[in-house]
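Undergrad: structure for this input, please:
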Amino acid sequence: MSVLYLHFNSPERGGRTQKLARSGAHVVVTEPRWPGFFELAKKEKPYAIAVDFSHAPSHALETADYLAKARETREVPLFLLRVPDDRVEIVKKRLPQAPIMLEPELAVVLAEKEKEAQARAQEKKEAAALARKSARAKKAATAAAAAGVSKIPAKPKKAAPAKAPAKKKPASKAKASSKKKPARAIAKKK
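TA: Numbering: from 1, shown residues only. Just a heads-up that it's a prediction; the model follows:
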């Protein structure tokens, strides 16, 4: 669960990344250079992508356009930062689904997206656990059927009646009866 932040390496990049990270999102930063950004996007599977237009806006536009159309990333929300005034109309025509935002607005949106992503991850985890449990039950039922054993519901166990404590024999009698006579003594009597 991460946000992919595409920004060329510049002195401002570190501070801007920290501002986005304060929203609670895990921010993965890379430059919008082919094929690195796309390989990272496929690997990370981010829940949001932010493209910064402050350096090389035409290159950033091509990158954002590619991400909006690629099969692996077309469903991921795309956010645009610092779009120059002379490019706003072109960007809106090519990327109508990608809002142009400021960092504080994006931080609020990312905080909400982070919560949604965590909820989806928890649902997937629970669904996977349920699937594993049902697969184990199905496997056990198949194994039992192969062995010819039908599953019969167990009868509830009845509580056993309380037994009286056993009586103890006196110690002297118990010792005398448990002693064996030596074999020589038995032979002499005959």
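Undergrad: tell me which helix or strand of this protein sits lowest on mean pLDDT?
TA: Within the chain, no helix or strand scores below helix 171-178, which has a mean of 53 by mean pLDDT, DSSP states H and E.
Undergrad: packing partners of the lengthiest helix in the chain?
TA: Identified as the longest helix of the chain according to DSSP state H is helix 103-147. If you count contacts as 3 or more CB pairs under 8 Å, 6 or more residues apart in numbering; DSSP states H and E, helix 103-147 packs onto helix 13-21, strand 48-52, strand 78-81. The C-beta positions use only the backbone N, C-alpha and C, and glycine is treated the same way.
Undergrad: just the pLDDT for Glu112.
TA: With respect to pLDDT, Glu112 scores 88.
Undergrad: quick one: it from Val88, how far?
TA: Distance check for Glu112 against Val88: by CB to CB, to the nearest Å, it reads 25 Å.
Undergrad: ok, Phe38 next?
TA: 25 Å.
Undergrad: for these two, work out which one has more neighbours and name it.
TA: Taking other CB atoms under 10 Å, Phe38 and Val88 do not tie; Phe38 has more neighbours (18 against 13).
Undergrad: which element is that one on?
TA: Assigned by DSSP states H and E, Phe38 belongs to helix 36-44.
Undergrad: what's that helix in contact with?
TA: With contacts defined as CB atoms under 8 Å, 6 or more residues apart in numbering, helix 36-44 is touched by 2, 4, 6, 28, 30-31, 49, 63, 66-67, 70, 72-73, 76.
Undergrad: are any of those buried, and which?
TA: Applying 16 or more other CB atoms under 10 Å to the contacts of helix 36-44, the neighbour count classes Ser2, Leu4, Leu6, Val28, Thr30, Glu31, Ile49, Thr63, Leu67, Thr73, Val76 as buried.
Undergrad: low-confidence stretches in the chain?
TA: For the chain, the stretches flagged by pLDDT under 70 are 149-190.
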